[in-house]
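Student: The following comprises the amino acid sequence and a computationally predicted model.
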Amino acid sequence: MQLSLNGQVALVTGGSSGIGAAVAEALAKAGAAVAINYHSSAEPAEELAKRIQDAGGRAIAVGGDVGDEAAVQALFDRTLEAFGRLDILVANSGLQKDAPVADLSLEDWNTVINTNLTGQFLCARAAIRQFRQQGRDENISRALGKIIHMSSVHEVIPWAGHVNYAASKGGVNLLMRSLAQEVAAEGIRVNGIAPGAIATAINEEVTGDEAKARELLKLIPYKRVGHVDDVGNVAVFLASDLADYIVGTTLFVDGGMCLYPGFEDNG
């Protein structure tokens, strides 16, 4: 069995930059047509879609707020209009609005939960409905459909000063596992990816500063910061038939952060 997504269609939310963009590009290289969702800035998503097209792939850029029910339906409608089906959802959209808990506003709490958790629910629900409606095509995939929830190591590691983000990712973990339990018998595979420290624009202040980067490496047993391609490669694997017996599992792409390296000398 080969790792191939030929003939399949993927939707990647939050796909215009960072991890989402790397996932979209990796899926396209594996043969999938890709709908690249963005929220507010169309240009990066359109540039990525053109890069995929220029390389011989199929891709479109589609705007939409994943925390808005009507916008999610429009996003799925546009994907189906362009490609005729959906086989893979990567629910990747996420954001941070950080503050100590005593200073955290209800607005910032709700904004993070709405995008990071409610948005993943809305997209997963729409994908499940579409998978059921279109039926299985075993010529392209053994599964009826595949959903990949993008989480974080902070679904298990507490993160002071980021309670809204950590709570959203903890929710994503049980959302993913509960959905997997509910729909696995239909042939829908639901899994998660939990990245650790990945070099993206959101953490460039740390990864781009030599002193701060050295401190960060103390939290990573493998002693390197992750690259977006590390996550993209795992997404391709989980979406492929090579992972057909993996259901309800989170794959941690973290260089060992969840090994709690602070305890390595205290055994």
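Tutor: Sure, I can see it. Numbers count the residues shown, from 1 in each chain.

Student: Just give me how far the helix or strand where Asp77 lies sits from the chain centre.
Tutor: Using DSSP states H and E, Asp77 sits within helix 69-83. Put simply, helix 69-83 sits 18 Å off its chain's centre (C-alpha atoms, centre = their mean, to the nearest Å).

Student: Same question for stretch 119-134.
Tutor: 15 Å.

Student: Then stretch 204-215?
Tutor: How far stretch 204-215 lies from its chain's middle: 24 Å, per C-alpha atoms, centre = their mean.

Student: buried sites along it?
Tutor: The neighbour-count check on stretch 204-215 (16 or more other C-beta atoms under 10 Å) flags Thr207 as buried. For every residue, glycine as well, the C-beta is placed using N, CA and C.

Student: which residues sit against it?
Tutor: Ala197, Ala199, Leu216, Val225 (C-beta atoms under 8 Å, 6 or more residues apart in numbering).

Student: and the two most separated of these?
Tutor: Ala199 and Leu216 (10.1 Å; C-beta to C-beta).

Student: Quick check: neighbours shared by these two?
Tutor: With C-beta under 8 Å, 6+ apart, Ala199 and Leu216 have common neighbours Thr207, Val225.

Student: mind listing what Pro100 touches?
Tutor: Under the criterion of C-beta under 8 Å, 6+ apart, the neighbours of Pro100 are Ala160, Gly161.

Student: ok, it to Trp159 distance?
Tutor: 12 Å (C-beta to C-beta, to the nearest Å).

Student: Equivalent analysis for Leu251, please.
Tutor: For Leu251, the distance to Trp159 - C-beta to C-beta - is 20 Å.

Student: ok, the two, which is more surrounded?
Tutor: Leu251 (19 against 15; other C-beta atoms under 10 Å).

Student: the strands in this protein, which residues?
Tutor: Remark: strands assigned in the chain by DSSP state E are 9-12, 33-38, 59-63, 88-91, 145-150, 188-195, 250-253.

Student: could I get those as TSV with mean pLDDT?
Tutor: Shown next, in TSV, are these (pLDDT from 0 to 100):
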stretch	mean pLDDT
strand 9-12	98
strand 33-38	98
strand 59-63	98
strand 88-91	98
strand 145-150	98
strand 188-195	98
strand 250-253	98
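
Student: bridging residues for Leu89?
Tutor: Leu11, Ile147 (DSSP bridges).

Student: Which strands or helices does the helix holding Asp77 pack on?
Tutor: Counting contacts by 3 or more C-beta pairs under 8 Å, 6 or more residues apart in numbering; DSSP states H and E, helix 69-83 packs against strand 9-12, strand 33-38, strand 59-63, helix 119-134.

Student: Nearest to Leu80, out of those?
Tutor: Evaluated with C-beta to C-beta, the helices and strands packed on helix 69-83 place helix 119-134 nearest to Leu80, the distance being 7.3 Å.

Student: got a list of contacts for that closest one?
Tutor: Residues outside helix 119-134 that contact it (C-beta under 8 Å, 6+ apart): 11, 13, 65-67, 69, 72-73, 75-76, 80, 85-86, 89, 91, 93, 144-145, 147, 149, 172, 175, 179, 183, 186, 188, 190.

Student: Likewise for stretch 61-78?
Tutor: Under C-beta under 8 Å, 6+ apart, the answer for stretch 61-78 is 11, 13-14, 16, 35-40, 42, 45-46, 48-49, 60, 79, 86, 91, 93, 114-115, 118-120, 122-123, 126-127, 130.

Student: and with 6 Å instead?
Tutor: 13, 35-39, 45-46, 49, 93, 114-115, 118-119, 122-123, 126 (C-beta atoms under 6 Å, 6 or more residues apart in numbering).

Student: and what of stretch 253-265?
Tutor: Stretch 253-265 has contacts (C-beta under 6 Å, 6+ apart) with Val153, Pro195, Gly196, Leu219, Ile220, Pro221, Tyr222, Asp230, Val231, Val234, Phe252.

Student: Need the distance between the two termini of it.
Tutor: 23 Å (C-alpha to C-alpha, to the nearest Å).
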